[in-house]
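A.B. asks: What would the 3D arrangement of this be:
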Amino acid sequence: MTDTVHRTDAATTPLRALWSALGRAGRGIRWYMTTLMGDTAYATYVAHHRRYHPDEEPLTERQFWRQRMDDQDRNPGARCC
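C.D. replies: Modelled structure (predicted):
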């Protein structure tokens, strides 16, 4: 009976490792895409603002995005459109 349990554990270990690797890859892709698209930009701004300007109130999310879009319109840089 212990031999059967040992075989079952040995068979599921690679499967668990595969699922774990797929989960890590999925989380990495999600992180990359949300960062690339700017979804974390406001949270990053607030964290920076709290650390380096604790005595000042940060912009609201709406103000932040408006300022960001205005800056991009004034300085398009390397974007295509």
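
A.B. asks: Got the phi and psi for the residue nearest the centre of the chain?
C.D. replies: For the chain, residue 31 is the residue whose C-alpha lies nearest the centre (Cα atoms, centre = their mean; 2.9 Å). Torsion angles at residue 31 (phi, psi; degrees, to the nearest 10) stand at phi -60, psi -50.

A.B. asks: Tell me, how many residues neighbour residue 27?
C.D. replies: 10 (other Cβ atoms under 10 Å). Placement of C-beta: from N, CA and C, glycine included.

A.B. asks: SS state for it?
C.D. replies: helix (DSSP: H, G, I helix; E, B strand; the rest coil).

A.B. asks: Please tell me how far it sits from residue 21.
C.D. replies: In this view, residue 27 and residue 21 are 11 Å apart by Cβ to Cβ, to the nearest Å.

A.B. asks: Then residue 15?
C.D. replies: 11 Å.

A.B. asks: where are the low-confidence patches of the protein?
C.D. replies: Across the chain, residues meeting the criterion (pLDDT under 70) sit at 1-11, 78-81.

A.B. asks: quick one: the helices in it?
C.D. replies: 2-37, 41-52, 61-74 (DSSP state H).

A.B. asks: Run through the neighbouring helices and strands of the shortest one.
C.D. replies: Contact partners of helix 41-52 among helices and strands, from 3 or more Cβ pairs under 8 Å, 6 or more residues apart in numbering; DSSP states H and E: helix 61-74.

A.B. asks: buried ones in the helix it packs on?
C.D. replies: residue 64 (16 or more other Cβ atoms under 10 Å).

A.B. asks: Alright, calling it a day.
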